[in-house]
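Q: Here is my input; please provide its structure:
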Amino acid sequence: MKTARVIELDDGNFDHEVIQSDQPVLVEFWDDSCLPCPTLTSTLGDLARQYEGRAKICHMDVETNAQTICSLSIEQLPAVLVFQNGHVVDRFVGEKPRGVYCSAIDGTLVLNWVI
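A: Numbers count the residues shown, from 1 in each chain. Below you'll find the model as predicted:
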């Protein structure tokens, strides 16, 4: 049985994993100097299990992926973007309570159900 996991993104797989995804995608942008990022990474693991099969949960190191970071105008960390059908539908800067991310994902799932 496959275990839910947080997907590691880079400039090479971002388009396939996020833009072309048929599921909603939540992406955390982080780096080693970001103090709240380890706590958020733990939350992402919980979200990956909760939304397994319904949404992708990913993270991307900003230090090694300048192309994607520039194209999305990521300027502060941690940054969390929620994508649906290849478009950013929600953007958060700074660590937020887990429920904020759940609400954002749930909102995309409801829209998918309606469409």
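Q: could you pull out the strands for the protein?
A: 7-9, 25-30, 56-61, 79-84, 87-93 (DSSP state E).
Q: List the buried residues for stretch 56-73?
A: Neighbour counts over stretch 56-73 (16 or more other Cβ atoms under 10 Å) mark 56, 57, 58, 59, 60, 62, 65, 68, 69, 72 as buried. Backbone N, C-alpha and C define where each C-beta goes, glycine included.
Q: typo on my end, stretch 41-54
A: By neighbour count, with 16+ other Cβ under 10 Å as the criterion, the buried positions of stretch 41-54 are 43, 44, 47, 48, 51.
Q: for stretch 92-101, same thing?
A: Neighbour-count burial for stretch 92-101, with 16+ other Cβ under 10 Å as criterion, is recorded at 92, 95, 96, 101.
Q: export those to CSV and tack on pLDDT?
A: As requested, the buried residues of stretch 92-101 are arranged in CSV below (pLDDT from 0 to 100):
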residue, pLDDT
92, 96
95, 89
96, 93
101, 95
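Q: which sections of the chain are below the confidence cut-off?
A: For the chain, the stretches with pLDDT under 70 are 1-4, 111-115.
Q: out of the buried residues of stretch 41-54, which are inside helices?
A: Judged by DSSP state H, helices contain the following of those: 43, 44, 47, 48.
Q: Please identify which of these is nearest to residue 29.
A: Comparing these against residue 29 with Cβ to Cβ picks out residue 44 as the nearest, at 11.7 Å.
Q: and the spatially most central residue of the chain, what does it touch?
A: Within the chain, one residue has its C-alpha closest to the average C-alpha position: by Cα atoms, centre = their mean, that is residue 27, at 1.5 Å. With contact taken as Cβ atoms under 8 Å, 6 or more residues apart in numbering, residue 27 is in contact with 9, 18, 58, 59, 60, 80, 81, 82, 83.
Q: Return the set of residues that bridge with it.
A: Here residue 27 sits in beta bridges with residue 58, residue 81, as judged by DSSP bridges.
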